[in-house]
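Asker: build me a model from this:
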Amino acid sequence: MSHGAGLVRTTCSSGGGPGAGAGQPGARPSEGPLDPIYPRTYSALLKVAQMVTLLIAFICVRSSVRVSHSAYSYFEVVTICNLIMILVFYLVHLFRLYRLLTCISWPLSELLHYLIGTLLLLIASIVAASKSYSQSGLVAGAIFGFVATFLCLASIWMSYKISCVTQSADAAV
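Answerer: Residues are numbered from 1 along each chain as shown. Presented below is the predicted three-dimensional model:
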């Protein structure tokens, strides 16, 4: 009898990825450098929503009068770094670069990015909210930071499934 936790990839971020359409009658994968289907997938739309939310959070904090410079500098660095990395993953899937750069495990790198980036974004949003001193721009930036954190968690949830795998003694025989 085996019990254990496992991480199972439920969807490919590219909305089909390698092997998509295989076995489906009439499915013709597009062979161009641009994936025309990817921008319409839930994963792509979620990445766009994350990027827009992070950009709004950055602009709100950047345009406000700061009380605590170091706390908001950290917030700005975290939001811009997350925005750039999400844009990189979006472009990797849009231009199908995962087919050319096979030396990188793209699902693993995206999972690690989302886990680390979401944690840092949550910390930055908490710090920004606690140091806002009721200034509207700083409060708005912190709120958008929390919304971006939620969107990143939703992306992890939709792309990966963490499950407890239970295997009975009859199945092992």
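
Asker: mind listing what residue 153 touches?
Answerer: Going by CB atoms under 8 Å, 6 or more residues apart in numbering, residue 153 touches residue 118. For the C-beta atoms, the positions are set from N, CA and C on the backbone; glycine is no exception.

Asker: would you mark the buried spots in whichever helix or strand it is part of?
Answerer: Per DSSP states H and E: residue 153 is located in helix 136-159. Buried positions in helix 136-159, judged by neighbour count with 16 or more other CB atoms under 10 Å: 137-149, 151-152, 155, 159.

Asker: next: stretch 33-44.
Answerer: Judged by neighbour count (16+ other CB under 10 Å), stretch 33-44 contains these buried residues: 35, 38, 41, 43, 44.

Asker: that stretch: end-to-end distance?
Answerer: Using CA to CA, to the nearest Å, the end-to-end distance of stretch 33-44 comes to 17 Å.

Asker: and that stretch, how far out from the chain's middle?
Answerer: Relative to its chain's centre, stretch 33-44 lies at 15 Å (CA atoms, centre = their mean, to the nearest Å).

Asker: repeat for stretch 81-95
Answerer: 9 Å.

Asker: all good on my end, thank you.
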